[in-house]
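Q: Would you be able to build a 3D model of this:
(one chain, ligands or ions: 1)
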Amino acid sequence: MRRLLPAVTTALAVLVAVVGTGTIAFNPVDKVREFDPNHALNFARQVCKLGPRYGGNDAELKAANMMERELKKYGLNVWKEKVDLGGGKCTYNVIGEIKGTREPNKYVIVGSHIDSPGFCEGATDDAAAMGIQVEMARVLAKNFRPRKTVLIIGFGGEELWFKGSEAFVKKHPDIVKNCEAVIDLNCVGAGENVFLTRRSAQPKPVEGDPKLIRLLEQCARELGHPVTVGDTTYPSDTYPFYHNHIRRVPVCQVMNQPFKVAPWSRSNTADKLDPKDMEKTGETVTLAVVKLTNAEPAAKPLWEEQRERQRAQQRGWFTPVWWAIALAAPLLAIAGRRGRAR
Ligand SMILES: [Zn+2]
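A: All right, here's what the predicted structure looks like:
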């Protein structure tokens with residue numbers, strides 16, 4: 001018995017730890033693996049069907065509305081912000097927010113761009129990124145409660161030298177000041193490796209944040225996805241977050257490389273997208289967001305919570321009206337009878 005005592009004590013201690021913290025049973029990797037690449041792919045295909053999305057044309061605005069609708073389904077707070085493109089034209093940034101439970105004034109941003117090169121449907125540039133974002137939103141909303149605020153943003157006018165992200169940075173200095181990471185998805189969905197950008201050159205150099213790159217690399221390895229780090233030409237929407245008058249935000253542009261199709265080409269069509277590649281990037285970035293925001297497990301999906309809140313609000317509004325009717329009806333009946341008696 002005396003020999004058994006230490007073993008029993010240890011077992012009890014472990015039991016207390018598991019029950020007490022509830023953390024040992026929570027494995028974020030399992031939850032992140034619920035990422036459904038077919039949902040991401042289908043959304044990207046729908047975006048491609050709109051044709052080239054450029055310069056605030058009809059297709060770009062429709063794609064923005066599609067993203068807004070899809071993000072709303074998962075209980076995020078979603079809104080659009082107008083972006084002036086000059087020459088009487090405009091486009092929109094679409095912003096989906098999961099508010100942080102503990103530190104709502106700290107931010108982690110996952111970006112993509114809604115527009116495409118003017119001459120092609122831009123399957124990898126950047127419809128696939130939008131597909132990854134909406135599926136990531138679903139997985140996060142279903143399984144996680146980030147302690148810091150997550151913003152999932154589709155920027156307009158990226159091909160016009162990052163117009164949407166530039167407008168966002170100007171409009172939200174408070175977010176820029178308190179943003180701990182910008183992970184920008186650009187040229188994804190058809191390339192063997194998750195590619196993390198260390199440096200881009202044009203129009204001015206942008207350095208990927210070494211700590212953020214390391215974290216993304218770790219996440220990919222943990223999930224068993226191939227990952228490489230390298231340099232590229234353009235920084236996409238990381239640029240205004242890196243070069244601005246407020247603060248240099250830690251950034252990393254994430255791609256799939258080597259490209260199975262050239263981003264700026266007419267053959268960059270939806271049939272080139274590979275759900276496996278979308279899954280690699282989607283899961284890697286989702287896990288990184290979970291870690292960056294110290295996310296906790298969710299008791300129920302965000303969209304259910306939202307529906308319950310709405311129902312409670314409706315009840316709150318409905319109850320006084322109902323009571324007013326219930327009280328007024330007999331009074332009106334009495335008044336009516338008196339009127340007739342006279
Ligand atoms: Zn792009």
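Q: quick one: low-confidence ranges for this structure?
A: 1-25, 317-322, 339-342 (pLDDT under 70).
Q: hey, where'd the helices end up in it?
A: 4-21, 28-32, 37-49, 58-73, 128-143, 163-171, 173-177, 210-223, 239-242, 275-292, 302-341 (DSSP state H).
Q: Return the most buried member of those.
A: By mean neighbour count, with neighbours taken as mean count of other Cβ atoms under 10 Å, helix 128-143 ranks first of the helices of the chain at a mean of 27. The C-beta positions use only the backbone N, C-alpha and C, and glycine is treated the same way.
Q: Could you check that one against the ion for contacts?
A: No. Helix 128-143 stays clear of the ion (Cβ under 5 Å from the ion), getting no nearer than 8.0 Å.
Q: Spell out which parts of the stretch 201-342 of the chain neighbour the ion.
A: So far as Cβ under 5 Å from the ion goes, the stretch 201-342 of the chain does not lie against the ion anywhere.
Q: Spit out the contact partners of the residue of the stretch 201-342 of the chain found nearest the ion.
A: Going by Cβ to the ion, the ion is nearest to Ser236 of the stretch 201-342 of the chain, at 5.3 Å. Contacts for Ser236 (Cβ atoms under 8 Å, 6 or more residues apart in numbering) come out as His113, Glu158, Phe162, Asp184, Asn186, Ser200, Gln253.
Q: between those residues, which is nearest the ion?
A: Asn186 (4.4 Å).
Q: burial measure for that closest one, as a count.
A: 26 (other Cβ atoms under 10 Å).
Q: contacting residues for Leu76?
A: Gly96, Glu97, Ile98, Ala137, Ala141, Ile152, Leu302.
Q: Need phi/psi at it.
A: Here is the backbone geometry of Leu76 (degrees, to the nearest 10): phi -70, psi 160.
Q: quick one: the nearest residue to it once chain neighbours are set aside from the ion, how far?
A: Spatial nearest neighbour of Leu76, chain neighbours left out: Gly96 (4.1 Å); criterion: Cβ to Cβ, 6 or more residues apart in numbering. Separation of Gly96 from the ion (Cβ to the ion, to the nearest Å) stands at 19 Å.
Q: do the same with Ala141
A: 26 Å.
Q: surely that residue meets Asn77?
A: No. Taking contacts as Cβ atoms under 8 Å, Ala141 lies outside contact range of Asn77: 11.1 Å.
Q: what is in contact with those two at once?
A: With Cβ under 8 Å, 6+ apart as the test, Ala141 and Asn77 both reach Ile98.
Q: Could you report the distance from Gly100 to Gly131?
A: 25 Å (Cβ to Cβ, to the nearest Å).
Q: what's the answer for Asp274, then?
A: On the measure of Cβ to Cβ, Asp274 and Gly131 end up 12 Å apart.
Q: intersection of neighbour lists for these two?
A: The contact lists of Asp274 and Gly131 share Gly189, where a contact means Cβ under 8 Å, 6+ apart.
Q: The residue positioned nearest the centre of the chain and the ion, how far apart?
A: Against the mean C-alpha coordinate of the chain, by Cα atoms, centre = their mean, the closest residue is Ile152 at 3.1 Å. For Ile152, the distance to the ion equals 17 Å [Cβ to the ion].
Q: How about that residue, nearest residue that isn't a chain neighbour?
A: Gly96 (4.3 Å).
Q: Check Thr228 too.
A: Asn193 (4.6 Å).
Q: Check the contact between that neighbour and Phe259; I expect there is one.
A: No. Counting by Cβ under 8 Å, Asn193 sits too far from Phe259 to count as a contact (10.7 Å).
Q: Now do the shared contacts for the two.
A: By Cβ under 8 Å, 6+ apart, no residue touches both Asn193 and Phe259.
Q: Ile325: what's it in contact with?
A: So Ile325 contacts nothing (Cβ under 8 Å, 6+ apart).
Q: Could you pull up the residues touching Gly164?
A: Gly164 sits in contact with Val83, Thr91, Tyr92, Asn93, His113, Ile114, Phe155, Gly156, Gly157, Glu158, Asp237, where contact means Cβ under 8 Å, 6+ apart.
Q: how about 6 Å then?
A: Neighbour list for Gly164: Val83, Asn93, Phe155, Gly156, Gly157 [criterion: Cβ atoms under 6 Å, 6 or more residues apart in numbering].
Q: Show me what from the stretch 1-150 of the chain comes close to the ion.
A: Asp125, Asp126.
Q: For the closest residue to the ion within the stretch 1-150 of the chain, which non-adjacent residue is spatially closest?
A: Nearest residue of the stretch 1-150 of the chain to the ion: Asp125, at 4.2 Å (Cβ to the ion). Leaving aside its chain neighbours, Asp125 sits nearest to Pro263 (3.9 Å; criterion: Cβ to Cβ, 6+ apart).
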